[in-house]
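Enquirer: The following comprises the amino acid sequence and a computationally predicted model.
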Amino acid sequence: MIVCICANVSDRAIAQAVREGCQSVDDITMKTGACSGCGQCRGHCQAELQAHAAVVQAKALTEHCAVG
């Protein structure tokens, strides 16, 4: 689904950018062009960053518990 109409950026492209290391909305903008126009997609980009951080944190906790 297209999330950023201004730059024609999909939700998949944003998710991929985050998985590949983007750690801020500015990083996402530089990699994909999202949030470079009207800014309506900014909330989606922030939510994607938060969701990815939660997954990374849960994975780390699971690995820590498995070792301990």
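Expert: Cool, the structure landed. Numbering: from 1, shown residues only.

Enquirer: Quick one: the strands in the chain, in order.
Expert: 2-4, 9-10 (DSSP state E).

Enquirer: packing partners for the longest one?
Expert: Secondary structure elements in contact with strand 2-4, counted by 3 or more C-beta pairs under 8 Å, 6 or more residues apart in numbering; DSSP states H and E, are strand 9-10, helix 11-19. Quick note: C-beta positions are derived from backbone N, CA and C, even for glycine.

Enquirer: Quick one: closest of the ones you listed to residue 39.
Expert: Taking C-beta to C-beta, strand 9-10 is the member of those nearest to residue 39, at 12.8 Å.

Enquirer: Any idea which of the strands of the chain gets closest to residue 23?
Expert: Closest approach to residue 23 among the strands of the chain (C-beta to C-beta): strand 9-10, 17.5 Å.

Enquirer: Rounded mean pLDDT for the closest one, please.
Expert: The average of the pLDDT scores along strand 9-10 is 98.

Enquirer: Direction included, what does it pair against?
Expert: With DSSP bridges as the test, strand 9-10 is paired with strand 2-4 (antiparallel).
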